[in-house]
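1. just coords:
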């Protein structure tokens, strides 16, 4: 069999497992999801699962890493878009993958995932802020605020557009940064 055929099967299996994982988290909650349930729902053998993953946590970690790479890529400053457009792109990414993020950040989701996302967003914010070096408080607060804003938005069935949410969170973040930049120690 050709290499591309094998890669296609691997990608298909990963997608089936990812979709099954999300469905099961929505139904049962992350803690009650088992590898057996995921493979059964995905109609994939356990052997196929274990060829790619050690356990359900490694599956979630891979999904998280892929999602965060795409998410952070949506707001990097290496393109021609304005910061506002990149920020809107961030929320458009969340919107496009809303089932995944709602499953992982919601009440039945994974505290581990929420913490990893908060830490990744805090690190991203720290890269782009001009705040006093003496404190990690501001990036930490903004990372937590973003995760909470995303969670609220998803739990309320995305009541406003990604552009509106981007504008509102940018305004709140700006107020926090303005205050932090005024600190003298």
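-> That came through fine. Note that the structure is predicted; figures quoted are calculated from it, not measured.
2. If you rank every helix and strand of this structure by mean pLDDT, what lands last?
-> With mean pLDDT, DSSP states H and E as the measure, the helix or strand of the chain carrying the lowest mean pLDDT is helix 56-73 (a mean of 82).
3. starting at the chain centroid, how far to that helix?
-> For helix 56-73, the separation from the chain centroid amounts to 7 Å (computed by CA atoms, centre = their mean, to the nearest Å).
4. Against which helices or strands is it packed?
-> Counting contacts by 3 or more CB pairs under 8 Å, 6 or more residues apart in numbering; DSSP states H and E, helix 56-73 packs against helix 3-28, helix 35-42, helix 83-96, helix 98-105, helix 111-128. Backbone N, C-alpha and C define where each C-beta goes, glycine included.
5. now with 10 Å?
-> With contacts taken as 3 or more CB pairs under 10 Å, 6 or more residues apart in numbering; DSSP states H and E, helix 56-73 sits against helix 3-28, helix 35-42, helix 46-52, helix 83-96, helix 98-105, helix 111-128.
6. Give the buried residues for the shortest one.
-> The one in question is helix 46-52. 48, 49 (16 or more other CB atoms under 10 Å).
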